[in-house]
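*Asks:* Sequence first, predicted coordinates after that:
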Amino acid sequence: RSSSASASSSSSASSSSGLPAEDASSKSNADVFWAPFTSRDHHAHGASEAYSFASAAGNYYTTATKPHRQILDGVAGLWCCNAGHGRERITKAVTEQMRTLDYAPSFNMSHPIAYEWARRLVDLAPDNYKHAFFAGSGSEAVESALKIALAYHRANGQSQRRILVGRERAYHGTNFGGMSVGGMTNNRKQFEGSLLPNVAHMRFPYKPSMRFSRGMPDGFDDDADDFVNDLRHIASVHGAENIAAVIVEPIMGSGGLFVPPKGYLGKLKSACEEVGCLLIFDEVITAFGRTGRAFASDSPDFVRPGVESDKGGMADLVCLAKGLTNAVIPAGAVLAQAHVHDALQTGYEKMASDENLVANAPRAFHYSGMMPGLFHGYTYSGHPVAAAAGLATLDEYEAENLFSHAAQMAPLLEDAVHTLVDVPGGKECLADVRNYGCAAALELAPLRNKSTGAPMFGAAGRAFFQFAFEEGLFVRNGGQGGDHIVMSPPLSITPEDISFLHDALARSLSRMSQLH
Ligand code: PLP
């Protein structure tokens with residue numbers, strides 16, 4: 001799609017492409033800009049067109065290079081611009097807030113807009129979530145939740161509960177805690193040996209017979225039990241009394257959009273209760289409409305049927321980011337149930353008299369003089385401009401009915417991706433198709449070395465990304481092995497956009513089949 005919209009460049013050193021002029025002596029732009037999760041060689045995916053966006057409006061980006069093309073944002077940025085781009089209400093709120101109160105700290109202090117933001121989030125969230133702690137990103141939200149879980153047990157006199165349980169293939173951001181409980185091997189490999197101790201991993205709840213399930217895989221009750229038993233095994237090896245928390249994404253996003261089988265999360269909650277540990281939902285990508293509801297936590301698909309209290313949200317802690325501010329300003333948050341929050345306000349008497357702690361820590365007397373509260377936070381916790389963006393984002397979701405719109409678009413997206421097996425190249429190239437709510441993934445069959453037949457993991461994903469981009473669609477290639485194509489379009493996606501997305505994917509698959 002070419003666009004008449006001209007992408008403006010503020011740099012006087014711009015080249016005719018619209019991008020800053022490259023330094024002829026040595027450095028390309030992709031060299032100077034050290035891109036996250038990207039090697040220099042893969043930065044431009046080896047293609048002649050630079051993959052840079054100069055502007056965005058609604059559900060489309062405009063490329064920086066000429067001729068400027070409009071590209072359907074099939075990922076809502078990085079699962080974060082849930083309301084689409086250029087929402088005037090959010091822009092206005094942010095600019096006004098910058099003029100009124102650009103920054104104020106939250107340590108021992110606060111400001112009205114942070115209070116308002118906390119209240120609005122708690123009101124929107126399922127009933128059990130009563131307190132909001134703010135951070136600067138999803139990784140910080142995860143780090144905060146893990147630390148809160150450890151501090152909670154200590155405050156309750158159970159300082160031996162230190163084991164954090166994550167899952168294979170999970171993504172919980174890139175800070176040390178999130179990386180350690182995460183299970184994406186590439187993200188861990190470079191730091192092996194320096195990850196957090198006291199971490200165990202369960203399997204991710206998927207098996208080949210779930211392939212091509214529409215929505216949440218149904219009819220896998222025994223498998224759900226089996227996967228949840230991993231927690232009981234971990235408890236039997238390490239001692240249930242030593243487990244602090246289990247952290248899971250209700251739907252695994254970055255790992256390749258893996259939707260758990262029906263009943264799995266509810267069974268996991270029951271196992272957490274048996275073990276006596278906390279359950280943390282990392283809802284960084286599932287909250288704010290992605291499932292067609294405000295949170296995955298308040299969808300009947302994600303709680304125990306018939307357990308009244310689960311309807312109020314069955315996780316003890318919930319991590320949020322991304323759609324929290326429509327990504328206009330970076331922010332993260334942790335929602336907490338009252339028992340967790342309250343333990344940290346009053347629990348230090350118990351901690352001071354914790355025999356285990358006193359016996360094992362020669363300087364335990366330090367704790368007896370400790371003030372109650374959580375000794376953790378960030379300069380940008382509850383940043384007023386993030387709060388303004390967050391409040392305006394919630395207004396936008398509400399005014400445009402974006403969560404229910406997403407629920408209406410979900411079946412169209414489901415059809416759009418599952419019917420791809422029938423297009424030319426579909427059967428040959430697709431190893432799996434998965435979807436839930438306003439998110440979908442294609443798992444590509446890996447390309448193979450023509451002479452040895454060995455799989456070249458990641459090559460299919462990179463080629464597909466490039467084909468889709470040329471067809472006018474932005475997708476995300478990644479996941480374990482690199483051949484998962486994940487889509488999480490803005491909730492404002494229209495039926496016309498979905499049919500464009502289907503056609504772009506179909507054309508890309510047909511081009512892909514030439515490579516096999
Ligand atoms: N948790 C989940 C489930 C995520 O998908 C992400 C980011 O993709 C994060 C945490 C980390 O968020 P951030 O990149 O804002 O640190």
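*Replies:* Cool, the structure landed.

*Asks:* Which stretches in the stretch 351-500 of the chain count as strands?
*Replies:* For the stretch 351-500 of the chain, applying DSSP state E, counting those that start in this stretch gives strands covering 430-436, 439-444, 473-474, 476-478, 484-487.

*Asks:* helices or strands next to the second one in the packing?
*Replies:* Same thing as strand 439-444. Judged by 3 or more CB pairs under 8 Å, 6 or more residues apart in numbering; DSSP states H and E, strand 439-444 is in contact with helix 402-418, strand 430-436, helix 459-470, strand 484-487. Quick note: C-beta positions are derived from backbone N, CA and C, even for glycine.

*Asks:* Make a markdown table out of the ones you listed and add mean pLDDT, mean neighbour count and distance to the ligand.
*Replies:* Converted to a markdown table, those look like this (pLDDT from 0 to 100; neighbours: other CB atoms under 10 Å; distance: least, CB to the nearest ligand atom, whole Å):
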| stretch | mean pLDDT | mean neighbour count | distance to the ligand |
| --- | --- | --- | --- |
| helix 402-418 | 98 | 19 | 17 |
| strand 430-436 | 98 | 23 | 14 |
| helix 459-470 | 94 | 22 | 17 |
| strand 484-487 | 98 | 27 | 10 |
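
*Asks:* how about the residues of the stretch 51-200 of the chain that lie near the ligand?
*Replies:* Counting by CB under 6 Å from any ligand atom, the residues of the stretch 51-200 of the chain lying close to the ligand are Ser137, Gly138, Ser139, Val142, Tyr171, His172, Gly173.

*Asks:* Now secondary structure, pLDDT and neighbour count too, for the residues you listed, in JSON lines please.
*Replies:* Formatted as JSON lines, those follow (DSSP: H, G, I helix; E, B strand; the rest coil; pLDDT from 0 to 100; neighbours: other CB atoms under 10 Å):
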{"residue": "Ser137", "secondary structure": "coil", "pLDDT": "98", "neighbour count": "19"}
{"residue": "Gly138", "secondary structure": "helix", "pLDDT": "98", "neighbour count": "30"}
{"residue": "Ser139", "secondary structure": "helix", "pLDDT": "98", "neighbour count": "21"}
{"residue": "Val142", "secondary structure": "helix", "pLDDT": "98", "neighbour count": "30"}
{"residue": "Tyr171", "secondary structure": "coil", "pLDDT": "98", "neighbour count": "25"}
{"residue": "His172", "secondary structure": "coil", "pLDDT": "98", "neighbour count": "31"}
{"residue": "Gly173", "secondary structure": "coil", "pLDDT": "98", "neighbour count": "24"}
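
*Asks:* Please give the number of neighbouring residues around the closest residue to Asp310 other than its chain neighbours.
*Replies:* Excluding the flanking residues, the one nearest Asp310 by CB to CB, 6 or more residues apart in numbering is Val303, at 3.8 Å. The number of residues packed near Val303 is 22, by other CB atoms under 10 Å.

*Asks:* Can you tell me which residue of this structure sits closest to the ligand?
*Replies:* Gly138 (2.2 Å; CB to the nearest ligand atom).

*Asks:* hang on, that residue packs against Gly173?
*Replies:* Yes. At 5.1 Å, Gly138 counts as touching Gly173 under the criterion of CB atoms under 8 Å.

*Asks:* List the residues that are in contact with both of these two.
*Replies:* Common contacts of Gly138 and Gly173 (CB atoms under 8 Å, 6 or more residues apart in numbering): Val284.

*Asks:* and His85, what does it touch?
*Replies:* His85 is in contact with Ala56, Ala57, Gly58, Asn59, Tyr60, Tyr61, Asp73, Pro490, counting by CB under 8 Å, 6+ apart.

*Asks:* Of these, which belong to strands?
*Replies:* Counting by DSSP state E, the contacts of His85 place Ala56, Ala57, Tyr60, Tyr61, Asp73 in strands.

*Asks:* how close does Val246 get to His153?
*Replies:* Relative to His153, Val246 is positioned 13 Å away (CB to CB, to the nearest Å).

*Asks:* of those two, who's got more company?
*Replies:* Val246 (29 against 24).

*Asks:* element containing the more buried one, please.
*Replies:* If you go by DSSP states H and E, Val246 is part of strand 243-248.

*Asks:* Now do the buried residues in the helix or strand just after that strand.
*Replies:* Counting by DSSP H and E, the next helix or strand C-terminal to strand 243-248 is helix 264-275. By neighbour count with 16 or more other CB atoms under 10 Å, helix 264-275 contains the buried residues Tyr264, Leu265, Gly266, Lys267, Leu268, Lys269, Ala271, Cys272, Val275.

*Asks:* Helix 264-275 versus strand 243-248: what angle between them?
*Replies:* Angle, helix 264-275 to strand 243-248, by axes from the mean of the first three to the mean of the last three CA atoms, to 10 degrees: 180 degrees.
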